[in-house]
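**Student:** Quick one: sequence plus predicted model below, questions after.
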Amino acid sequence: MTDKAQYRRRVGSVRPSHLMFTGGVGALVDLPNFAVLVRGIDDWRYDSVQMDDLKEPRLLRAVNSLLADPYGPQVTQLLPAPWMDGADADPNGPAAKVGVPVLPFPQWLRCTACNELGALDSKIFKFENAQPRRPDKARFFHENCTTKRKGKRPLAVAARFVLVCPSGHLDDFPYATFVHRGGPCTAVSHPRLQMLDHGGNQAANVKIKCVNCGKERNIRDAMGPRGESSLPSCRGRHPHLATFEPGGCEQPPKPLVIGASNQWFAQTLSVLAVPPTSGSALQGKIEQLWDTLQKVDAPAMLELLWGLPQFKPLHQWDQADVFEAIQKQRAAAETAPNAQPTSYPDLLTPEWEIFTSAHVPEHTEDFALRDVTVPSALAGTFSHIVQAERLREVRALVGFTRLDAPDPEDPDLVTRAPLSRSSTPSWVPASEVRGEGIFLRMPEPLVAAWEQRVAGSAALAAHRDAYVEFRRNRYSGRVQGGENPLRGWPGARYIALHTLSHLLIRAIALECGYSSASLSERIYAGRDEDPRTGILIYTAVPDAEGTLGGLVSLAEPKTITRIARRALTDAERCSSDPLCAERLPRPPHEDFLHGAACHVCLFVSETTCERGNRFLDRRFIVPIDDPDLVLLQGVK
């Protein structure tokens, strides 16, 4: 496409959260008349707009730990998407030229009148975007269509299929090669094609026809394992970067409909802007000065360096504590290369330390907590309740995957597609939201005793077996050789806390003034060596700005007691029972990874749940099955 003015006008709009969760860099976005692909960040322009980077050092360090070479270029900024106010007032002004760039994709179109199928570079189709105030009117049309009526130029829509591979590559479907079964057209060198699309969401309704030689083939021949084996090998194409992988790609491509939900999954990191605790602040300073401090192998050497100007930030701690932190950092650096596979940076520990601290930190514009007295009716259920009157969450997009969602425990299990042509960009897209929340901590003895009680149960074994099968059935990261098939298994504690979180979210949404889709959760379950029992329910959408007080007010003793009672009472019954109550993740439904849970009783929106409505089971919280499995017997 040329660089004419109408090509640079707006063709649609999305919310900032959409670019982080649903359709960011490398994703296909459906517009009213065609589909577009969001370009890589190399093409995002901030020349005509000043966007302040989002300051969050803890998140920036985490991004660099995933993307950057420790001794090479570093990510230095977290930037929101380019945007300027005023496009609605003056659609031809400077603000209209600021935004996220996209390109039409797939680059094969079909005429809705004559079924002509062709690529954009064939010049069969033209583009118009003549009304700057109506970006929804932007469209492609077939100018020389033989069936157009009353001078109307018929709409050309995106051809329905693309090729995707587990390595994150995306390509146009090879229609010409497909219809001729891998060979050339016997009639002409550049054949005319037609797509006979009879509607519906099944490939059996779509047929490709060569007008010149008359050959036809149904798209269903490309579907399934047998059909996919006949497709050409993946070319390693990243159209959002306009590049091809050097040396090609060995992964088999898979045909997808352009609206398929598994064509793009965001890989993000998010943190709450919490004040640093003494331990986390010291560790952060050690990481910043590690190039020099890594040579310190004795207290005497630290004493020699102590007076240098760059080490003055360390003077707020004792030298003994600093040397101990250096040893911990060195031990972690030495063991990290041998840890296979890698893991995500620990972003929850500083938050857990703040929420469970005996002393409430000083209020800031980003963070304000207030302890609440645990009501007597909930004393056996919760040991600590905190009102988070102000919260700030910052989220960074570090990459994306296709076909399989990123594993929440192992960042390298699914191949991450890059955001830019550079192996280490200088910045990554980010967004921030401000909100409020409620933190609830359960008594550790209660949860630990329950864990021991259900450890050998058939229900928990069914969840573990389903998780192993789920790993085996993924397109990426199938269980290999001696690999531990339970790697990444969150454990019984997580299932219980996660289930309770969903029950509370559904009860809270009825009273707090926010919809359940406007709420989010963070589960602090910890591990065997560091057990945790916390749930944070908070507002996390840009629209709400989440500081209305409606959520925080629900943590008052009388109100939280009523909500907890309602949540646990509602959990005992589901209108889908007995089917829901009896369900366990057994064949042939292992991939769902949930037990007694469904849309009626436990599921919430995907933006609310941190694990995609997996690892949920009512039988572990309330008595619907075996009483020995129950964590909570109810709130009196």
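**Tutor:** Nice, thanks for sending it over.
**Student:** who does the helix or strand where residue 78 lies pair up with?
**Tutor:** If you go by DSSP states H and E, residue 78 is part of strand 77-79. Partners of strand 77-79 in the sheet, by DSSP bridges, are strand 427-441 (parallel).
**Student:** for the strand it pairs with, what is the average pLDDT?
**Tutor:** For strand 427-441, the mean pLDDT works out to 92.
**Student:** ok, then the element right after that strand?
**Tutor:** Toward the C-terminus from strand 427-441 - assigned by DSSP H and E - lies helix 444-454.
**Student:** in the helix or strand just after that following helix, what counts as buried?
**Tutor:** Downstream of helix 444-454, the next assigned helix or strand under DSSP H and E is helix 458-472. Buried residues in helix 458-472, defined by neighbour count with 16 or more other Cβ atoms under 10 Å: 459-460, 462-463, 465-471. For the C-beta atoms, the positions are set from N, CA and C on the backbone; glycine is no exception.
**Student:** Stretch 612-625 now?
**Tutor:** 613-625.
**Student:** what about the strands in the stretch 301-450 of the chain?
**Tutor:** Applying DSSP state E, counting those that start in this stretch to the stretch 301-450 of the chain gives strands spanning 368-372, 384-401, 427-441.
**Student:** What residues of the strand holding residue 78 count as buried?
**Tutor:** Those would be 78-79, for strand 77-79 by 16+ other Cβ under 10 Å.
**Student:** Check the average confidence over that strand, would you?
**Tutor:** Strand 77-79 shows an average pLDDT of 91 in the prediction.
**Student:** What of stretch 302-312?
**Tutor:** pLDDT averaged over stretch 302-312 gives 82.
**Student:** just stretch 52-60 next, same as before
**Tutor:** Stretch 52-60 comes out at a mean pLDDT of 88.
**Student:** Surely residue 567 touches residue 509?
**Tutor:** No: using Cβ atoms under 8 Å, residue 567 is not in contact with residue 509; the gap is 10.9 Å.
**Student:** who's more crowded, the two?
**Tutor:** The neighbour comparison of residue 567 against residue 509 (other Cβ atoms under 10 Å) goes to residue 567, with 22 against 19.
**Student:** Quick check: that one vs residue 593, distance?
**Tutor:** Taking Cβ to Cβ, to the nearest Å as the measure, residue 567 falls 22 Å from residue 593.
**Student:** Partner strands of the helix or strand where residue 269 lies, with direction?
**Tutor:** Remark: residue 269 resides in strand 265-272, with elements defined by DSSP H and E. If you go by DSSP bridges, strand 265-272 pairs up with strand 384-401 (antiparallel).
**Student:** Please compute how far the strand it pairs with lies from its chain's middle.
**Tutor:** 13 Å (Cα atoms, centre = their mean, to the nearest Å).
**Student:** what is the orientation angle of that strand with strand 368-372?
**Tutor:** 140 degrees (axes from the mean of the first three to the mean of the last three Cα atoms, to 10 degrees).
**Student:** If you average the pLDDT over strand 384-401, what comes out?
**Tutor:** 93.
**Student:** quick one, strands of the stretch 51-200 of the chain?
**Tutor:** 77-79, 102-104, 108-111, 116-119, 125-128, 139-142, 155-158, 161-164, 170-172, 193-197.
**Student:** Can you pull out the low-pLDDT segments for the stretch 351-500 of the chain?
**Tutor:** 476-483 (pLDDT under 70).
**Student:** residues in contact with the strand holding residue 269?
**Tutor:** 20-22, 24, 56, 58-59, 62-63, 66, 344-345, 347, 351, 367, 391-402, 404-406, 411, 416, 522 (Cβ atoms under 8 Å, 6 or more residues apart in numbering).
**Student:** For residue 454, list the residues it contacts.
**Tutor:** Contacts of residue 454 by Cβ under 8 Å, 6+ apart are 460, 492, 620, 628-629.
**Student:** any chance of the residues you listed in TSV, plus secondary structure and distance to residue 119?
**Tutor:** Shown next, in TSV, are these (DSSP: H, G, I helix; E, B strand; the rest coil; distance: Cβ to Cβ, whole Å):
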residue	secondary structure	distance to residue 119
460	helix	54
492	helix	53
620	helix	54
628	helix	63
629	helix	58
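**Student:** between the residues you listed, which is nearest residue 422?
**Tutor:** residue 492 (43.0 Å; Cβ to Cβ).
**Student:** for the closest one, what are its contacts?
**Tutor:** Contacts for residue 492 were tallied using Cβ under 8 Å, 6+ apart; they are 450-451, 454-455, 460, 463, 620.
**Student:** repeat that with 10 Å
**Tutor:** By Cβ atoms under 10 Å, 6 or more residues apart in numbering, residue 492 lies in contact with 447, 450-455, 457, 459-460, 463-464, 525, 615, 617, 620, 629, 631.
**Student:** Ok, residue 400 next?
**Tutor:** 24-27, 38, 168, 240, 263-268, 406, 414, 416-419.
**Student:** Check residue 33 too.
**Tutor:** Residue 33 neighbours (Cβ under 10 Å, 6+ apart): 11-12, 136-141, 155-158.
**Student:** one more time with 6 Å
**Tutor:** Going by Cβ atoms under 6 Å, 6 or more residues apart in numbering, residue 33 touches residue 139.
**Student:** ok so it is a helix residue?
**Tutor:** No: per DSSP: H, G, I helix; E, B strand; the rest coil, residue 33 lies outside any helix segment and is coil.
**Student:** I am finished for the moment; much appreciated.
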